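Q: Next come a sequence and a model predicted from it.
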Amino acid sequence: MMPLRILGLFLLMFLLCDADSTCPAESNPLFLDPPEIIVEYNQSVIVNCTSREVNDHGMYWRCGNKSSELEEDYDFITTEIISDWNVKAQCKIIMLNDNNDNYECSKDLEITVYQNPEDVVLFPINHVRATVEGTEYDLQCDVINVAPVQNLTVRWYKDNEIIKTDSFTNTTKTPESESSLLSIITKRGDNGTRFRCEAQLDFGPHGPQCPAISSVEHTVNVQYAPEFMNKTGTDYIYVREGDNVTLNCEAEGNPPPIFHWTRGEINILEKTSNLFINQVDTNTTYNCVAINDLGSISKQIHIHVAKTVIAMTIPEASPPIVQIADFPLTLMPAEILVRFGDPISVNCSTSATDIKGMGWEATLGGTPLEENVTHVTWSVDKLEDWAIRPICYVTLPDEQYTAIPNITLYKTPDIVSVSALKDGPMMEGTEHQLKCDIINVAPANLKVKWYRGNETVFTHMINESSVTPVNVSSTWSVTPEKDYNGAHLRCKVELDLGPNGPEPIPTVTSAPYIAVVHYKPLIQGCPKHYAGLENQFSMDEVFCQSDGNPPPTLHWYNQGTLINASEPLKRTNSGEYTVEAVNSLGKSKASVDITIEYSPSFTCNDHYDVEENGAPDCKPEGIPAPYITWFKDGIKTVSPLHWTMHDSGEYLLIATNKHGKANHTLFINVLYAPVFKDRDYNVTVIMTIGENMTFACSAEGNPSPELTWTYEPAVNVFENTWGRQKSINITKATSTNIGVYSCTATNKVGSVRRFITITMKDKTSKAASSLWIIITLLICSFILIFILMIYLKCKKKDGQYNFIHDRSNEGFDIPMSTKSVYNHA
């Protein structure tokens, strides 16, 4: 059986030497399904490889440094690809050309490995918590550990509207962190605007549809100088003598403005936007100043007082007259709504024929008795008398008839304003009352609607019987949440004048009352993990958005101890840190896992003794974990997984990460157990009586092994030592030398033993033994000749040749020989 196995080995060597490494593109029969894969990191996918040609010599897959088994007589093979960042895959087939020579074709699989972002963090550059109107405000969006970056899209949103889209050109295949920047020029209208960024890998319509990872929303706080709500710097107010009046100095600003009131040179202690004055009796002027950190504005409010005039009292008359039988007067219109200060006109006509005269009695616009008329008109260009009751009369020969029109004089409020019943800010979860003051309105049949922004939150009906202007108010009890902070609260007053009232309904709306709600802190937007460079990174670079009013202060803790957030951290400071946001109402906490990165360094020894199949304990320090490149004798190499006796030597290690590199030179001495140079460990020797014989024992090992012989002593047996060899010499062998001789090689790694068994024969068998030796030598010679023929064939197949001048006539016989040999892949 052994000769057949040897012959099969020779034939395989012959086929490999005869293979050609080139594959014409037009002859490549392979195609892949799918030809390209896009797969998430550490996931698997099945790929098929099919040949359009009949596969006579075999197909196989090569993934990285590993090859699958050769599949013969198949034109379809499948493999499972486990994705990593350096995965490569080829399908290969062995073909036969027209000259019956083997060649190999291959098809590369296009592989894209991706990883969705671990986190998306949005924060303002320089950690600005507020910005001033008209200045540049910069936001940064960090996308953490995503691959491949060239397929990354970052979208910026302003109140859910896309305002910017970023893409990237980085072709790195492994996970990287990228940043996108947004710069805006702030306006006061941007105050409270919410920004966020969204990161998503985009592989087109036919690729995987990856999820969009969004950051926490960031709300911009824009500060601006005060501005009056009614846009005027001077107001005029007209009131009756003895009336109460509330002056309005509503102004908007951020921070909310503080108000100062003066009258002439007198300072008024009131600090709110509304000033209540009781029983005004003279004309006067008030000054109001609204001020915050960014500026101030002022306005004047002039109050004009009208002296009270006592109206004439007229006895109560019958209700308005509608034309009925035997009543001679008709009013057109009999009922009328008129706004205070507008003109009015009522026509009075009669159906009687024997009249003596007609006229109007009124404190304003009355007419004397007119004879020979059938109608008279009462009119006033500007009706401002709340008690007016004009009477139309007609005088007949024997009696007089009168009619009184039903006049409703209405007036919209001079002032509608919102104020708090209790000074100071609102508290989240605590009931507060807001008051809507309605000044100088008539009649006081009102519908009061309260608004938060544009949302109606409360409606209140007011019904007062007075027909002259009065001051009324509406109260709204509200329990605010934190989202009420900065909300615009206002009240709108509608005059309810019945179904015949004017269209549109007379309405007055207050200036907005900007709610200030205090609430305990809440930390948002803290990254779960954050990495910084040693001696450069400090905790105040970690942006944790905190929401609270009053604005909270941030404190950082490590293992329960308060730290200086501006102090740079060292590699030993990696770990979990806690941020605490504190204001007068409470506190909020969040944890961040901090990794301090640093460049590579070595702390290895310069010399290592390593047992075979072991490995030197020499690893560089560094975060991220350094990539190590090995060099031996100036040539780049790969660190062996299992060290062997041939790997001893001096090595140069270069460790690299994104922060730098470090070098280290070390000598590795690979220790291995003894190995006998003669691999046949059990030998039987047949000696002839009287024959001389020497048995050598030689072994390799590191450290050098110690050799010892074990046998039965005899006078004709002695040992010799030469170098690393120790031999047994037997002279003139006798039957006493029959037995087992053992040689043991030992070092610190292990030991090995070899046995030689000696038997005896007489001299007559010597000739037969010589014959077998001759036959064995002939067989070995045949095998050597066959190997030489194969070798010469391979040398002739490929290589570069040196042609040497034939000097056979000069006594030289030098054949041509190849200078290099083709290596089959």
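A: Looks like it came in fine.

Q: could you pull out the strands for the stretch 401-550 of the chain?
A: Assigned by DSSP state E, counting those that start in this stretch, the strands in the stretch 401-550 of the chain fall at 406-410, 415-420, 426-427, 432-441, 445-452, 455-463, 470-478, 488-495, 507-509, 513-514, 517-524, 529-533, 545-549.

Q: Give me the mean pLDDT for the third one.
A: Along strand 426-427, the predicted local confidence has a mean pLDDT of 92.

Q: now the second one
A: Regarding strand 415-420, the rounded mean pLDDT is 92.

Q: ok, now which ones touch Leu109?
A: When contacts are counted by C-beta atoms under 8 Å, 6 or more residues apart in numbering, Leu109 touches 32, 35-37, 47, 81, 88-91. (C-beta placed from N, C-alpha, C; glycine too.)

Q: Give me the pLDDT value at it.
A: With respect to pLDDT, Leu109 scores 89.

Q: For the strands of the stretch 401-550 of the chain, give me TSV that also has mean neighbour count and distance to Cys604.
A: Output for those, formatted as TSV (neighbours: other C-beta atoms under 10 Å; distance: least, C-beta to C-beta, whole Å):
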stretch	mean neighbour count	distance to Cys604
strand 406-410	18	97
strand 415-420	22	72
strand 426-427	20	63
strand 432-441	21	70
strand 445-452	19	69
strand 455-463	13	70
strand 470-478	17	70
strand 488-495	21	68
strand 507-509	15	79
strand 513-514	20	67
strand 517-524	19	44
strand 529-533	17	24
strand 545-549	21	45
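
Q: Export those strands to a markdown table and append columns for distance to Gly242.
A: Shown next, in a markdown table, are the strands of the stretch 401-550 of the chain (distance: least, C-beta to C-beta, whole Å):
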| stretch | distance to Gly242 |
| --- | --- |
| strand 406-410 | 20 |
| strand 415-420 | 17 |
| strand 426-427 | 35 |
| strand 432-441 | 13 |
| strand 445-452 | 23 |
| strand 455-463 | 23 |
| strand 470-478 | 12 |
| strand 488-495 | 23 |
| strand 507-509 | 23 |
| strand 513-514 | 29 |
| strand 517-524 | 39 |
| strand 529-533 | 69 |
| strand 545-549 | 43 |
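
Q: can you tell which of the ones you listed is closest to Val143?
A: Closest to Val143 of the strands of the stretch 401-550 of the chain is strand 529-533 (C-beta to C-beta; 13.4 Å).

Q: do you know how far the residue nearest to Ala89 when sequence neighbours are not counted is from Val39?
A: Counting by C-beta to C-beta, 6 or more residues apart in numbering, Leu109 is the residue found nearest to Ala89 once chain neighbours are left out, at 4.2 Å. Relative to Val39, Leu109 is positioned 11 Å away (criterion: C-beta to C-beta, to the nearest Å).

Q: And Ser167, by the same measure?
A: Separation of Ser167 from Val39 (C-beta to C-beta) stands at 22 Å.

Q: ok, these two, which is more surrounded?
A: Using other C-beta atoms under 10 Å as the criterion, Ser167 and Val39 rank with Val39 on top: 17 against 12.

Q: what residues are up against the nearest residue to Glu481 once chain neighbours are set aside?
A: Closest residue in space to Glu481, ignoring its immediate chain neighbours: Glu428 at 6.1 Å, by C-beta to C-beta, 6+ apart. Neighbouring residues of Glu428 by C-beta under 8 Å, 6+ apart: 480-482, 517-520, 585.

Q: out of those, which one sits closest to Ile756?
A: Comparing these against Ile756 with C-beta to C-beta places Lys520 closest, at 92.1 Å.
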